[in-house]
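Enquirer: sequence unknown, structure follows:
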């Protein structure tokens with residue numbers, strides 16, 4: 001399987017967590033799969049803002065789909081996130097993926113998350129290990 005959309009389809013079908021999040025696939029190119037979701041009430045923490053894990057999970061899914069889109073099964077080695085603005089119920093969050101480095105064994109990605117007003121709400125960095133196993 002080498003087509004980006006076919007790979008993302010197979011991953012998404014077998015990913016109940018991403019589906020529970022309500023993720024929408026916005027753009028699918030090799031090395032760049034951008035996603036979006038809307039913050040729901042059950043995603044809020046005790047402060048009435050989205051739990052940090054929601055933005056993290058969206059970025060982590062974008063990392064997974066983007067890094068696997070080249071046709072090699074890839075697994076995260078290291079990830080980190082910085083939150084810059086809180087998210088509230090009803091906000092729409094969209095990723096902007098940038099593939100920084102791609103070698104035969106690793107990939108490095110920067111993922112910016114924006115709200116519906118295109119304000120930066122989080123910055124995520126991920127490194128993946130690229131296995132020799134094809135999709």
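Expert: Sure, I can see it. Just so you know, these numbers come straight off a predicted model, no measurement behind them.
Enquirer: ok, residue 89 touching residue 42?
Expert: No. Using Cβ atoms under 8 Å, residue 89 makes no contact with residue 42, being 9.6 Å away. (C-beta placed from N, C-alpha, C; glycine too.)
Enquirer: Between the two, which is the more surrounded one?
Expert: Shown here are residue 89 and residue 42; by other Cβ atoms under 10 Å, residue 89 has more neighbours (14 against 9).
Enquirer: Show me the helices in this structure, by range?
Expert: Here the chain has its helices, by DSSP state H, at 4-13, 16-21, 52-68.
Enquirer: Next one: residue 83 relative to residue 57, how far apart?
Expert: Separation of residue 83 from residue 57 (Cβ to Cβ, to the nearest Å) stands at 13 Å.
Enquirer: and the biggest strand by length in the chain, which residues are buried?
Expert: Ranked by residue count, the top strand of the chain under DSSP state E comes out as strand 120-134. With burial defined by 16 or more other Cβ atoms under 10 Å, the residues of strand 120-134 counted as buried are 121-128, 130.
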